[in-house]
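Enquirer: Just a sequence and a predicted model for now, questions to come.
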Number of protein chains: 2
Amino acid sequence: MKHEILESIKLAGDVKKLNKEQLEGLCAELRDEIIEKVSETGGHLASNLGAVELTVALHYVFDSPNEPIIWDVGHQCYSHKILTGRDITGIRTEGGLSGFPKSSESEHDLFVAGHASTSISAALGIAEAKKISGDGNSVVAMVGDGACSGGMIYEALNNAGRSGTNLVVVLNDNEMSISPNVGAMAKYLANIRSKEGYFRFKDKMEHFLLGIPAIGKGIFNILRHIKTFFKDYFYSSNTFEHFGFTYLGPVDGHDIQMLIRTLHRAQSIKRPVLVHINTVKGKGYGPAEKNPSKFHGVAPFDKETGELKKESGDSFSSAFGRTICRLAEKDDKICAITAAMADGTGLREFSERFRDRFFDVGIAEEHAMTFAAGLSAGGMKPVFAVYSTFLQRVYDQILHDASIEPKHVVIGIDRAGIVGGDGETHQGTFDIPILTTIPGTTIYCPSDYAELEKDLEAAFDSEGVQAVRYPRDCEKAVPEKFTAEYGDFDYFEGNSDCLIVAYGRLFIEAAFAANETGASVLKIGKVFPLEHKLIEIAKKYKNIFFFEESVEFGSIAEHFGNELSKSGFDGNYKIHCVSGFVPHMKVENAMKKHGLDRESMINAVKETLK
Amino acid sequence: MKHEILESIKLAGDVKKLNKEQLEGLCAELRDEIIEKVSETGGHLASNLGAVELTVALHYVFDSPNEPIIWDVGHQCYSHKILTGRDITGIRTEGGLSGFPKSSESEHDLFVAGHASTSISAALGIAEAKKISGDGNSVVAMVGDGACSGGMIYEALNNAGRSGTNLVVVLNDNEMSISPNVGAMAKYLANIRSKEGYFRFKDKMEHFLLGIPAIGKGIFNILRHIKTFFKDYFYSSNTFEHFGFTYLGPVDGHDIQMLIRTLHRAQSIKRPVLVHINTVKGKGYGPAEKNPSKFHGVAPFDKETGELKKESGDSFSSAFGRTICRLAEKDDKICAITAAMADGTGLREFSERFRDRFFDVGIAEEHAMTFAAGLSAGGMKPVFAVYSTFLQRVYDQILHDASIEPKHVVIGIDRAGIVGGDGETHQGTFDIPILTTIPGTTIYCPSDYAELEKDLEAAFDSEGVQAVRYPRDCEKAVPEKFTAEYGDFDYFEGNSDCLIVAYGRLFIEAAFAANETGASVLKIGKVFPLEHKLIEIAKKYKNIFFFEESVEFGSIAEHFGNELSKSGFDGNYKIHCVSGFVPHMKVENAMKKHGLDRESMINAVKETLK
């Protein structure tokens, strides 16, 4: 397909110059471009295809960046990137664009996204700042229906609704029903409301009444009350209206003219308005429409057939899922919880085999954690499977609800350590520092599947908060003489005064490095709390090297070093950790960059031995 | 007043034996007891007085602990403590009861409370555990309306509503309107619904229909749809019903017979039900009814007049509020945000003088932080004033929304360090460890008001996340020769090889200890990131003593010690930190217990010098 219209779009405003037919053509070209480029690099496909017309309409109506569009999560921003002059070739790979909004890429990405349910809070902040500065422009928050299971959305709606601020929330509803009321009745209301005359009249009347000094506001309020009474009496009102929003919708998210008309109306209302858009995930690409879940976040694929170029093999996630199923067969108190990540965390099989003991709570990590503590208080043995980056959201729920009065909760921390293509918003390098601050927490870090199994068994057999963390990867082979016995730690003595301390998948790299340099290796399996024996062993060495996929402050290396110092250690130690946020790049490249790969380990030891 | 009925209550179930008049008498005696005891020790008064009838009715209807009552926040649990056989004399003081639910006190406190909006999540977990175990008992979550501004409530409602689980949410509404719809129409509906016949009929019909194999469920669903359609068409439905709850109410929370009838109905429904209760905060005690805000959490007072025995004087909080006002006069970009703590954080004056730039978002810390980041993205200079213990709830919002793409947000962290009477759920000892993991964060810790002013000025003049943390206390005088110049650090040289490192209010104690022992003192003002110069100074000493109101893992002492070790320091250092959770006790006693008071410092130095 030729991209003639797309090539004419150089600036965000260029979309406004197109006529009706050209707009339709633009959408087709955008779809083609997205399918083409995502098939090469992988990325978020289905959600982006669903949001094509909506994004074109947004840029047609609103004047970004003066009227900024704030994306929630950011799984649907590829069209936005293209329409604001960016080339998505190589997106999510080193040197290419980020798969998420990123302010260093463009002034049209005013606010970061990656974690769910933050957009309305951020957009409201920007809108209030505009109000204070006397800037009458709208701010748009673009939210998917999935993000509406997150509590921050309600905290923000609750504040926005009463603020009267110029905020347009666009709800891109592609699957989940938010509330039973967003059904037949809501459509009926939308039918009345989206008639232009209704809004014009209402808007003019409000302006007229509010313009009358002293009395105007009073009359307006009385009329509003009467109207509300009748509306409530004769029609249903929906949850968004209870929060003080004007509700428009639902609108067919693939009818670009209807979208433009509705968004124009939303723009003119000048107070909090929610526009409800129905879209089809994967729209316009057969394989993705048929299987939107598979094409949500996808690896490179053949665009003609929709076949993945490389089928995903075994992984720590699937080993986790397998193990939990095996344990749940024998122990009917084991329950599993996920926050909308049944597939990603390997819990699909569990969800089918143990339906009564499986809980997908939606994107609601805070609730998930406290709910798990509740299950424990009720006598169950819950495991909450969660990506490391999202565990950041439940610090207080672990501390307050599971630690002060200890609850036996197992946390399966997936995507721990360096993660890869998602970049800064999806790091696995903060969970160790935050968990170690919480009294009574135990942390395991297996280096292969067999150890993961053993750690999960230990976690279910213990008490209190038990965290087992593992990377996105599949396991790798270790040199034979470094075969671990999966104790709380394994110690491999070399022939020099150098000791490498490592855990998880970095143990494999450490073993190879030790093989080449003669250094000893201390593999920690239970990384927290640290056993005193570890300090005793390490103290005997002159040079200790810590390698760890964590930020340094609060790392195991820091705790270990501190214990060493307190115990009178008089050698040297060096900490190799992750500094700052790792941008989107291959894991192996990031490892190199942060000095955590095999070569860096070898060099560090050799340098010292010189 | 004689407490004859109260004295007959030994076990939770004893309430069930009372007749109508005795129940009313019991309520009067409970009020008298609560006023009497709280006037002596201080505590939460107004909310407890409002919940007297409701608590009696709960224990009359439900069979605690088989039907457990899970309290949200816990500000209203004093009657519950008394009715379950506990004596509240000396509550919140060492040796007395905790002011919050505490499982080690009683089997009737199944789940911890202190932070808001957690109860429905916990109760749902317990209810699901009961369901899995085949236990048909109800679980009750008791929520105040204030907690309904917290997003976790919605996450939990969203999950509970669709679960069909046997859960009773009691909404104790004493002030705030949850939604416009909980008004005239809702009352009208309550009127219909609370007629016993309606429920009996509905319940029986459902059972009858669901009992017919194969077809029954189909007919039931059709009937339900027709009913919902008509109800939605003719009556308003409210937000709770949108979430799938059966809604009962509103009910007069001081009419004990009505409460009992409604709770009986709720208990019989056997699926998620929300009972909406209207109560009067401070009910039955004139001074508290007149000024419920003053009597929410109160110091000891004269129960005849309602006068506080000691007027609260100046504090770091009021110094903070004063300074923010002074700075906001000169800089119209300064905005202030609180999560329902305008008084506690000293922002009352700001809220009155700078209305357009003041935002009270309700108990919604997550939103508050991301909203602040949004204000910053819009060009404002926001300060979010929050207690240290509640900052735990926004770890991800700081990291994801304010740090990945740095936003200039000032955080005023009140109640930092050891706090006192509230106990384990209100600690100020975790903020340093979590903040130091977040790249780009700056932390100041002033030791007096003048330094607080200087730190806030510096924070507004800088970039990125700027945290200024201070205790609940008022400032204390320091020996003259230790008068600080408020640099990033101040160094006071003594005449021994001992160095005390401290910051914040512990600097004052360190100064006194140094005065007596001849030790040197290194006072850190900007505690993070640590300046290299600090390490250079400390390295000269043979013995270093860190004293810090923080847990040890992730403390400044640990980071400092680590830097010392890496720099080749060959002396000794000792870290004195807070271990675990500090229970309710006077701050000065807790300081002693954790070795952080003046005497402990003197002894530590003298011990070493020996």
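Expert: Received it, and whenever you're ready, just let me know what you need.
Enquirer: Nearest spatial neighbour of the most centrally placed residue in chain A, chain-adjacent residues omitted?
Expert: Centroid-nearest residue in chain A: residue A:115, 3.6 Å away (criterion: Cα atoms, centre = their mean). Distances taken as Cβ to Cβ, 6 or more residues apart in numbering or on different chains put residue B:400 closest to residue A:115, at 5.0 Å, once the chain neighbours are dropped. Heads up, the C-betas are built off the backbone N, CA and C, glycines and all.
Enquirer: can you pull the pLDDT of the residue nearest to the centre of chain A?
Expert: Residue A:115 is assigned a predicted lDDT (pLDDT) of 97.
Enquirer: what's the answer for residue A:144, then?
Expert: 88.
Enquirer: and if you look at residue A:290?
Expert: With respect to pLDDT, residue A:290 has a value of 89.
Enquirer: Wait, the residue nearest to the centre of chain A touches residue A:390, no?
Expert: Yes - counting by Cβ atoms under 8 Å, residue A:115 sits close enough to residue A:390 to count as a contact (6.9 Å).
Enquirer: re earlier: so what's the residue nearest to residue A:115 up against?
Expert: Residue B:400 makes contacts with A:112, A:114, A:115, A:118, A:392, A:425, as judged by Cβ atoms under 8 Å, 6 or more residues apart in numbering or on different chains.
Enquirer: Max pairwise distance over those: which two?
Expert: Maximum pairwise distance among the contacts of residue B:400 (Cβ to Cβ): 14.0 Å, between A:112 and A:392.
Enquirer: When the two are compared, which one has more neighbours?
Expert: The residue with more neighbours, out of residue A:112 and residue A:392, is residue A:112; 28 against 24, by other Cβ atoms under 10 Å in any protein chain shown.
Enquirer: ok, that one to chain B distance?
Expert: To chain B, residue A:112 is 5 Å away according to Cβ to the nearest Cβ, to the nearest Å.
Enquirer: circling back to that earlier point, any residues in contact with both of residue A:115 and residue A:390?
Expert: residue B:396.
Enquirer: now stretch A:130-142, how far from the chain's geometric center?
Expert: Relative to its parent chain, stretch A:130-142 has a centroid offset of 26 Å by Cα atoms, centre = their mean, to the nearest Å.
Enquirer: Now do the end-to-end distance for that stretch.
Expert: Stretch A:130-142 has an end-to-end distance of 18 Å (criterion: Cα to Cα, to the nearest Å).
Enquirer: Give me the three-state assignment for residue A:466.
Expert: Per DSSP: H, G, I helix; E, B strand; the rest coil, the local secondary structure of residue A:466 is strand.
Enquirer: What ranges does the stretch 51-200 of chain A have for its strands?
Expert: A:69-71, A:139-144, A:167-173 (DSSP state E, counting those that start in this stretch).
Enquirer: Which of the ones you listed sits closest to residue A:122?
Expert: strand A:69-71 (5.3 Å).
Enquirer: So which elements touch the closest one?
Expert: Packing partners of strand A:69-71 (3 or more Cβ pairs under 8 Å, 6 or more residues apart in numbering or on different chains; DSSP states H and E): helix A:119-133, strand A:139-144.
Enquirer: what comes into contact with it?
Expert: Residues contacting strand A:69-71 (Cβ under 8 Å, 6+ apart): A:58, A:62, A:77, A:80, A:100-101, A:108-111, A:113, A:119, A:122-123, A:126, A:139-142, B:374.
Enquirer: Paired strands for it, with orientation please.
Expert: As defined by DSSP bridges, the strand partners of strand A:69-71 come to strand A:139-144 (parallel).
Enquirer: quick one, phi psi at the residue in the stretch 251-400 of chain A that chain B sits nearest to?
Expert: Nearest residue of the stretch 251-400 of chain A to chain B: residue A:374, at 2.0 Å (Cβ to the nearest Cβ). Note on residue A:374: its backbone torsions stand at phi -60, psi -40 [degrees, to the nearest 10].
Enquirer: How about it: what's its closest non-neighbour residue?
Expert: residue B:125 (2.0 Å).
Enquirer: Now for the one you found, how many residues are close by?
Expert: Other residues close to residue B:125 by other Cβ under 10 Å number 36.
Enquirer: How about residue A:597?
Expert: 21.
Enquirer: for the stretch 401-550 of chain A, what spans make up the strands?
Expert: A:409-414, A:442-444, A:465-469, A:489-492, A:498-502, A:520-524, A:526-528, A:543-551.
Enquirer: Paired strands for the second one, with orientation please.
Expert: Note on strand A:442-444: by DSSP bridges, its sheet partners are strand A:465-469 (parallel), strand A:526-528 (antiparallel).
Enquirer: pLDDT of that strand, averaged?
Expert: For strand A:442-444, the per-residue pLDDT averages 98.
Enquirer: Same check on stretch A:315-330?
Expert: Mean predicted confidence for stretch A:315-330 is 98.
Enquirer: any idea how far stretch A:395-405 is from the chain center?
Expert: 22 Å.
Enquirer: can I get the CA coordinates of that stretch in CSV?
Expert: Taking Å, rounded to 0.1, in the frame of the first residue of the first chain, the C-alpha atoms of stretch A:395-405 are listed here in CSV:
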residue,chain,number,x,y,z
TYR,A,395,4.6,-1.3,49.1
ASP,A,396,2.2,-0.1,51.7
GLN,A,397,-0.1,-3.1,51.3
ILE,A,398,2.7,-5.5,52.0
LEU,A,399,4.0,-3.4,54.9
HIS,A,400,0.7,-2.5,56.5
ASP,A,401,-1.6,-5.4,55.7
ALA,A,402,0.8,-8.4,55.6
SER,A,403,3.8,-7.4,57.7
ILE,A,404,2.7,-5.5,60.9
GLU,A,405,0.5,-8.6,61.7
